[in-house]
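Asks: Curious how this folds, go ahead:
(2 chains)
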Amino acid sequence: MTDLSQAQVRERIERRLTSRHRKEKLFRGLGIASIAFGVLAVVVLFTDIISKGSGAFVQSAIELRVHYDEQVLGIDKVDDESLAWANFDGVIRQALLQRFPEVSGRKEKRELYSLVSTGAPFTLRDRLKADPELLGQSETLWLAADDDVDTFVKSLDDSKNGFRGRTSDQKAGWIQQLMESGELKKRFNTTFFTNGDSREPEQAGIRAALVGSLLTLLVTLLLSFPIGVSAAIYLEEYAPKNRWTDLIEVNINNLAAVPSIVFGLLGLAIFINFFELPRSAPLVGGLVLTLMTLPTIIITSRASLKSVPPSIREAAMGMGASRMQVVFHHVLPLALPGMLTGAIIGMAQALGETAPLLMIGMVAFIVDVPGGITDPATVLPVQIYLWADSPERAFVERTSAAIMVLLAVLIAMNTSAVWLRKKLERRW
Amino acid sequence: MQTPTLFALLLLLVLVAYGTGFSRALAAARSRGGVRNLASLPSYYGLHTALWCGLPALLLLGAWLAFDNAIIRAMVMNSIPDRPETAAGRNLLYVQIQNLAAGNLFGETTPELQAAADRLNSLRSGASLLQAALTLILALGLGAFALLRFSPELRAREKVEKVLRAVLLACACAAILTTVGILLSVLFESLRFFQTVPVTEFLFGLHWSPQMALRADQVGSSGAFGAVPLFTGTLMVSAIAMFVAVPVGLMSAIYLAEYASKRVRALAKPLLEILAGVPTVVYGFFAALTVAPFIRDLATSVGVQASSESALAAGLVMGIMIIPFVSSLSDDVINAVPQSLRDGALGLGSTRSETVRKVVIPAALPGIVGGVLLAVSRAIGETMIVVMAAGLAANLTANPLESVTTVTVQIVTLLVGDQEFDSPKTLAAFALGLMLFLSTLVLNFIALHVVKKYREQYD
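Replies: Below is the predicted model of the structure:
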């Protein structure tokens, strides 16, 4: 080493320096690339869902002039009993034949009838029920188109020929004809927000699932928030340092990392098989999600109790308050904003959870909007799972639309949590 | 009486009890010349009465609601002379009786069944009457008892605080109860499963096809419960996920902690955290409808056969899901490394990347390893992505383009829908659940231990 001149050393160092700087640049580039990958994933995910789902907020409808003919309907007065078996199908068929008088032959007629959704008769029934005077009269109505028609019409925007699927050339001709005369239009899809699940995509909606989610979350919130906060108060303010307390803490930390599906097994074995609570009910769903979100709520509540400075406690004690009074009159009100934020985050987590709810039977096909916490219900994520499995092409966009609704609710919850934290946070 | 009405009534009684206790204390204070001559504040007397009135009654009601179905069932079943031998038969019979009692069963009934259904109905109405009566009597009686014991010298505050403290402790013990509940529920069913299928076959068997035998002489009625293909499938999907999540998560954490300006950090961090807030069912949909077809088409275009439910698609999307998990945990530990270590390295002339690679990462390594272990346990337990994007066929393969199945997928497929609760098929799901619980427990335990130990080092 000693026989190297200073110039040689310098040269060596400089040569190494270029490679070191190259490595530095590479390392930095890798960091940027990783972040770019993550951001790209967010962007691709959201554009994919939105591009697939935005179509579901509109729905093709066909304008028809229907005549509530007593003879076709087979009724002479309007009451619940006669409405139940009145032949509304016939009325629609008659209206369609009137619009396309050239159609003849059984096969062609059947093709023609399938332009309109199988749910359209119920629309007519509701109209007649609301206004019995209409019997024997005619009116012009927008009726939901069948999902095959809807898919075809929507795909026309993307390509000239559109996605045919089960649509024949003849039917496509009728559809073009209706579109040109303005009798077939895409209108805002209110059905999606007012109906429950259905096997027919054009009649399927998320209302039942939304109400189910709401009821389940209500049970979860009512149970997990008080229990979680109480547990946090005990552990932070009372618990003596002993093995029992350690055991509780280890348990809480472990439960926070137990896979959610295991909570579903617990719900199935204990709540349903042992306590015989009803299957598919928001009550059981709420209980399972309570157990799942408790660790989150306990951990955040403890953190916010910890952030209240000891001087507050000491001052209250000094004024002669009992320990319970110190906690409930002084510490808890100061820690509550942080606890609320934690609760919102826990609820957002519970709202997006699917796997444990599959275990307790919330996957059933449920059409009716649940009226209470013991009625059979499903929740929004499970509805998404069910629709994602459906073969109809029209369900893909409805699944994406349901995902958009779910994500919108979640983003609203999380933003409100962040906003709440910013607004109420106190620095001591 | 309906349970909600009963709850409302009980709540009303508690409020009345509070008011009575409160006004009683006020009256006593007035005659003694002020509240300061009482042993406690009037509100504590109110709480004291309310707790006596409400708490025991509430506990009774809870216990009643938890056990009355089981007790009524046992009473009805005991009244039937010739009960079926098997548990399944008994279940079926009871469902029949329940339907008959609700008036839903049309068709032939035997007089015994009808008698049992009538008995069920009468027991039910009797039970609900008894429940309401007992609860209300208990609430009224103990409320009155508390009022009778009232005296200005009663140390109401101390008593109330003692009870409240016990309630707080009980809430804290909910975590332990949950763990015990999980263990009991999976352990019992697993033990029953291992009575029909030997443990060794389950753990080391190479063939998984859990069929349900409809008839005893059916072909393939025995089923095969070798879980090795499930374990390898789970490991493969998790490995792919970690292969994506660890480098990307770690590098973004390093960049955000060591290189990024404040503005970039404030923008990029929440963007990455969006990934953590997306529900898993959404990832599942994305994997099944976008990523899997894309991978299949890509593989086909280079001439490789790929399944449309490939392990690669599920693993890739799962990896994306776990990125924010790895990055935020690593971010925490990297930020916990003292600045003096960095300053020392930079002062000796090392570049920033050398500082990170040779000083910061080694110092933060235990924490990073702990975080990665937690991420692995997450990947193993993840359900919806694999249910929607990985397959059902239990292939024993090392090719990520083929479809594999995982432990969680099998639990879901075995348990979703109406199934006989005693068949080995359903019990197998609990055995798989036990494996899942134990493996994640061990991983979590090691990870939490490592992280905790590391944190203490620099505090």
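Asks: Buried residues, the helix or strand of chain B with the lowest mean pLDDT. List them.
Replies: In chain B, the helix or strand scored least confidently by mean pLDDT, DSSP states H and E is helix B:87-102, which has a mean of 76. Neighbour-count burial for helix B:87-102, counted by 16 or more other C-beta atoms under 10 Å in any protein chain shown, picks out B:93, B:94, B:97, B:98, B:100, B:101. (Glycine included, C-beta is placed from N, CA and C.)
Asks: what about stretch B:352-361, distance to the chain center?
Replies: A distance of 40 Å separates the centroid of the chain from that of stretch B:352-361, by C-alpha atoms, centre = their mean, to the nearest Å.
Asks: And stretch A:244-254, by the same measure?
Replies: For stretch A:244-254 - counting by C-alpha atoms, centre = their mean - the centre lies 33 Å from the chain centre.
Asks: That stretch close to chain B?
Replies: Yes. Applying C-beta under 8 Å from any C-beta of the partner chain, one finds stretch A:244-254 in contact with chain B at A:247, A:248, A:250, A:251, A:252, A:253, A:254.
Asks: would CSV of the buried residues of helix B:87-102 with distance to residue B:313 be doable?
Replies: As requested, these are exported to CSV (distance: C-beta to C-beta, whole Å):
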residue, distance to residue B:313
B:93, 47
B:94, 45
B:97, 49
B:98, 45
B:100, 50
B:101, 50
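Asks: ok so, going back, so how do I select the buried members of the residues of stretch A:244-254 next to chain B in PyMOL?
Replies: Command for PyMOL that selects the buried part of those, burial taken from 16+ other C-beta under 10 Å:
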select buried, chain A and resi 248+250+251+252+253+254
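Asks: which intervals of chain A have sub-threshold pLDDT?
Replies: Along chain A, the parts satisfying pLDDT under 70 run over A:1-3, A:158-166, A:428.
Asks: 50 - rerun?
Replies: Filtered on pLDDT under 50, chain A yields no residues whatsoever.
Asks: Go ahead and confirm residue A:135 touches residue A:125.
Replies: No. The pair residue A:135 / residue A:125 is not scored as a contact, 11.9 Å apart, by C-beta atoms under 8 Å.
Asks: quick revisit: show me which of the buried residues of helix B:87-102 neighbour chain A.
Replies: Near chain A, by the rule C-beta under 8 Å from any C-beta, you find none of these.
Asks: name the element residue A:63 belongs to?
Replies: According to DSSP states H and E, residue A:63 maps onto strand A:58-67.
Asks: nope, residue B:137 is what I was after
Replies: In this assignment (DSSP H and E), residue B:137 forms part of helix B:111-148.
Asks: I'd like the mean pLDDT over that helix, please.
Replies: What helix B:111-148 shows for mean pLDDT is 86.
Asks: Mind checking if it is in reach of chain A?
Replies: No. Judged by C-beta under 8 Å from any C-beta, helix B:111-148 stays clear of chain A, getting no closer than 12.8 Å.
Asks: Give me the subset of the residues of stretch A:244-254 next to chain B lying in helices.
Replies: Counting by DSSP state H, these place A:247, A:248, A:250, A:251, A:252, A:253, A:254 in helices.
Asks: what about the helices in the stretch 351-459 of chain B?
Replies: For the stretch 351-459 of chain B, the helices defined by DSSP state H, counting those that start in this stretch occupy B:352-355, B:361-381, B:384-389, B:407-415, B:424-458.
Asks: Who does the closest residue to residue A:61 other than its chain neighbours form a beta bridge with?
Replies: Once flanking residues are discounted, residue A:61 sits nearest to residue A:142: 4.3 Å by C-beta to C-beta, 6 or more residues apart in numbering or on different chains. Beta-bridge pairing of residue A:142 under DSSP bridges involves residue A:63.
Asks: what's residue A:142 in contact with, if anything?
Replies: Residues in contact with residue A:142, defined by C-beta atoms under 8 Å, 6 or more residues apart in numbering or on different chains, are A:61, A:62, A:63, A:185, A:187.
Asks: ok, 7 Å please
Replies: Residue A:142 is in contact with A:61, A:63, A:187, counting by C-beta atoms under 7 Å, 6 or more residues apart in numbering or on different chains.
Asks: Now, of the residues you listed, which are buried?
Replies: residue A:61.
Asks: Relative to residue A:77, how far out is residue A:131?
Replies: From residue A:131 across to residue A:77, the span is 14 Å (C-beta to C-beta, to the nearest Å).
Asks: the more surrounded of the two?
Replies: Neighbours were counted for residue A:131 and for residue A:77 using other C-beta atoms under 10 Å in any protein chain shown; residue A:131 has more, 13 against 10.
Asks: residues of stretch B:251-262 that come out buried?
Replies: B:251, B:252, B:253, B:254, B:255, B:256, B:257, B:258, B:259, B:260.
Asks: Tell me which residues touch the fifth one, please.
Replies: This points to residue B:255. With C-beta under 7 Å, 6+ apart, residue B:255 has these contacts: A:31, A:32, A:34, A:35.
Asks: any idea which element the second one lies in?
Replies: Here residue A:32 sits within helix A:6-53, counting by DSSP H and E.
Asks: Any part of that helix near chain B?
Replies: Yes. Helix A:6-53 lies within reach of chain B by C-beta under 7 Å from any C-beta of the partner chain, at A:20, A:23-24, A:27-28, A:30-32, A:34-35, A:37-39, A:41-42, A:45, A:48.
Asks: Just the buried residues of the residues you listed.
Replies: Of the residues of helix A:6-53 next to chain B, these count as buried by 16+ other C-beta under 10 Å: A:20, A:24, A:27-28, A:30-32, A:34-35, A:37-39, A:41-42, A:45, A:48.
Asks: what's the distance between residue A:57 and residue B:282?
Replies: For residue A:57 relative to residue B:282 (C-beta to C-beta), the value is 18 Å.
Asks: Of the two, which one has the most company?
Replies: Set residue A:57 next to residue B:282 and count neighbours by other C-beta under 10 Å: residue B:282 wins out with 28 against 17.
Asks: Look at that one and report its pLDDT.
Replies: The confidence metric pLDDT takes the value 95 at residue B:282.
Asks: in stretch B:431-443, what counts as buried?
Replies: Buried, per 16+ other C-beta under 10 Å, within stretch B:431-443: B:431, B:432, B:433, B:434, B:435, B:436, B:437, B:439, B:440, B:441, B:443.
Asks: Leaving out sequence neighbours, find the closest residue to the closest residue to chain B within chain A.
Replies: With C-beta to the nearest C-beta, the shortest gap between chain A and chain B falls at residue A:259, namely 2.3 Å. Among residues not flanking residue A:259 along the chain, residue B:381 sits closest, at 2.3 Å (C-beta to C-beta, 6+ apart).
Asks: okay, now the one you found: neighbour count?
Replies: Going by other C-beta under 10 Å, the residues that sit close to residue B:381 add up to 24.
Asks: How about residue A:182?
Replies: 8.
Asks: ok, the nearest residue to it once chain neighbours are set aside to residue B:58 distance?
Replies: Leaving aside its chain neighbours, residue A:182 sits nearest to residue A:63 (7.8 Å; criterion: C-beta to C-beta, 6+ apart). Look at residue A:63 and residue B:58: by C-beta to C-beta, they are 60 Å apart.
Asks: Check residue B:98 too.
Replies: Between residue B:98 and residue B:58 the distance is 28 Å, computed by C-beta to C-beta.
Asks: cool, and residue A:405?
Replies: Distance from residue A:405 to residue B:58, by C-beta to C-beta: 38 Å.
Asks: quick revisit: against which helices or strands is the helix holding residue B:137 packed?
Replies: Secondary-structure packing of helix B:111-148 (3 or more C-beta pairs under 7 Å, 6 or more residues apart in numbering or on different chains; DSSP states H and E): helix B:3-32, helix B:42-79, helix B:87-102.
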